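# No letters, just coordinates:
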Ligand SMILES: [Zn+2]
């Protein structure tokens with residue numbers, strides 16, 4: 001029994017790359033070279049942790065995991081939907097100004113870059129349709145109904161996932177950080193239900209074999225060492241989350257005060273054929289977890305979840321927004337090495353028990 005272990009996605013960018021981007025003094029080709037070197041270094045250092053599944057560290061996802069695909073779109077304005085974090089800071093999405101909604105780029109381009117350097121499996125994270133649906137202004141757009149927008153959005157999302165699968169992604173992970181946030185914004189649960197329905201409209205376009213390679217990630221957010229929805233009870237989110245038609249669910253758990261309670265909820269909603277990757281590393285906690293702690297967390301999860309349906313992961317990316325300097329690259333790689341070593345320890349113990 002080998003428990004699979006996967007990252008969520010982002011690794012803090014090298015400080016020299018962040019400084020070069022922020023200075024505004026570099027040509028596109030100079031920045032390209034810096035991004036390329038960041039991807040090469042990230043892949044090499046992730047492989048050095050012993051990981052058999054890695055990402056490109058999202059080094060090239062422009063400003064963030066959320067709106068990389070529409071970064072630079074001429075038909076958007078910067079004053080869109082706001083995501084408030086617990087420490088008082090705010091992240092803002094672009095607002096769609098006119099038809100048509102379309103992606104500027106698809107995430108398979110990041111995968112193709114990382115494949116030039118990787119010798120192990122690469123997964124690719126993409127943003128959910130529900131997150132991007134927040135770009136459509138609440139007052140509507142003349143000549144472009146919300147239904148037309150949703151049609152275009154679902155088409156682009158489907159295209160992106162198909163391109164990532166065709167490019168050989170080990171998994172395609174749909175980032176759904178706004179799921180837990182939706183419960184905070186609308187405690188009635190109606191907003192969350194609408195997000196689940198929208199994402200399922202896209203997921204239902206895929207075969208069950210394809211959906212086995214697709215996953216969804218939920219977390220309370222992790223930006224500048226702060227969260228947007230850690231105070232939302234998982235009991236209000238997880239039953240709906242398992243309604244998503246995906247083969248893999250990646251759940252932040254290391255930061256939860258009562259993991260046993262969460263594991264019981266997961267166990268009662270996990271469907272046959274689904275694998276749940278539980279978070280065993282907290283990217284916000286500056287302390288580096290030990291392999292022993294990771295092992296204990298997995299063995300605890302295995303008391304509730306059949307080991308054949310269990311995996312381990314990080315609670316979230318280490319730097320979902322590209323200017324976030326709250327965690328160093330060194331800390332991120334050390335935490336990932338602990339996840340890999342601790343998962344191997346737990347696998348050996350579970351193998352002996354089987
Ligand atoms: Zn996350």
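Structure's in. What do you need? Quantities reported herein were computed from a predicted structural model and do not represent experimental measurements.
# show me where the stretch 51-200 of the chain has strands.
53-54, 76-77, 82-84, 90-92, 95-96, 121-122, 124-127, 172-175 (DSSP state E, counting those that start in this stretch).
# how about a markdown table for these, with mean neighbour count, mean pLDDT and distance to the ion added?
The way it works is simple: take the backbone N, C-alpha and C, and place the C-beta from them, glycine included. A markdown table is the format used below for the strands of the stretch 51-200 of the chain (neighbours: other C-beta atoms under 10 Å; pLDDT from 0 to 100; distance: least, C-beta to the ion, whole Å):
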| stretch | mean neighbour count | mean pLDDT | distance to the ion |
| --- | --- | --- | --- |
| strand 53-54 | 22 | 98 | 17 |
| strand 76-77 | 16 | 96 | 23 |
| strand 82-84 | 15 | 94 | 12 |
| strand 90-92 | 13 | 94 | 13 |
| strand 95-96 | 20 | 98 | 23 |
| strand 121-122 | 18 | 98 | 19 |
| strand 124-127 | 26 | 98 | 9 |
| strand 172-175 | 26 | 98 | 6 |
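# Among these, single out whichever gets nearest to residue 246.
strand 172-175 (7.3 Å; C-beta to C-beta).
# what separates the one residue in the stretch 251-354 of the chain that gets nearest to the ion from residue 65, distance-wise?
In the stretch 251-354 of the chain, the residue that lies nearest the ion is residue 316 (3.2 Å; C-beta to the ion). Distance, residue 316 to residue 65, by C-beta to C-beta, to the nearest Å: 10 Å.
# Which one's more surrounded, the two?
residue 316 (30 against 25; other C-beta atoms under 10 Å).
# Residue 320: neighbour count?
25.
# what's the nearest residue to it once chain neighbours are set aside in contact with, if anything?
Nearest residue to residue 320, sequence neighbours excluded (C-beta to C-beta, 6 or more residues apart in numbering): residue 65, at 4.5 Å. For residue 65, the contacting residues are 9, 10, 58, 125, 127, 175, 317, 320, 321, by C-beta atoms under 8 Å, 6 or more residues apart in numbering.
# Please apply the same query to residue 132.
Per C-beta under 8 Å, 6+ apart, neighbours of residue 132: 67, 69, 70, 153, 157.
# where along the stretch 1-150 of the chain do the helices fall?
With DSSP state H, counting those that start in this stretch as the criterion, the stretch 1-150 of the chain has helices at 15-23, 28-48, 108-115, 129-132, 146-166.
# of all these, which lies closest to residue 287?
Once the helices of the stretch 1-150 of the chain are compared by C-beta to C-beta, helix 28-48 is nearest, at 20.2 Å.
# still on that earlier bit, distance to residue 354 added to the strands of the stretch 51-200 of the chain, as CSV?
CSV is the format used below for the strands of the stretch 51-200 of the chain (distance: least, C-beta to C-beta, whole Å):
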stretch, distance to residue 354
strand 53-54, 23
strand 76-77, 53
strand 82-84, 43
strand 90-92, 44
strand 95-96, 52
strand 121-122, 25
strand 124-127, 32
strand 172-175, 28
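# Spell out which parts of the stretch 51-200 of the chain neighbour the ion.
residue 177 (C-beta under 5 Å from the ion).
# Find the residue closest to residue 179 in space, skipping its chain neighbours.
residue 218 (5.1 Å).
# Give me the longest strand you can find in this structure.
Counting residues, the longest strand in the chain under DSSP state E turns out to be strand 275-281.
# could you give the mean pLDDT of that one?
Per-residue pLDDT over strand 275-281 has a mean of 98.
# can you tell me if it touches the ion.
No. On the criterion C-beta under 5 Å from the ion, strand 275-281 is out of touch with the ion, staying 9.1 Å away.
# Who are the packing partners of the next helix or strand after that strand?
Downstream of strand 275-281, the next assigned helix or strand under DSSP states H and E is helix 291-302. Counting by 3 or more C-beta pairs under 8 Å, 6 or more residues apart in numbering; DSSP states H and E, the packing neighbours recorded for helix 291-302 are helix 259-269, strand 275-281, strand 310-314, helix 329-353.
# Fine, thanks again, bye for now.
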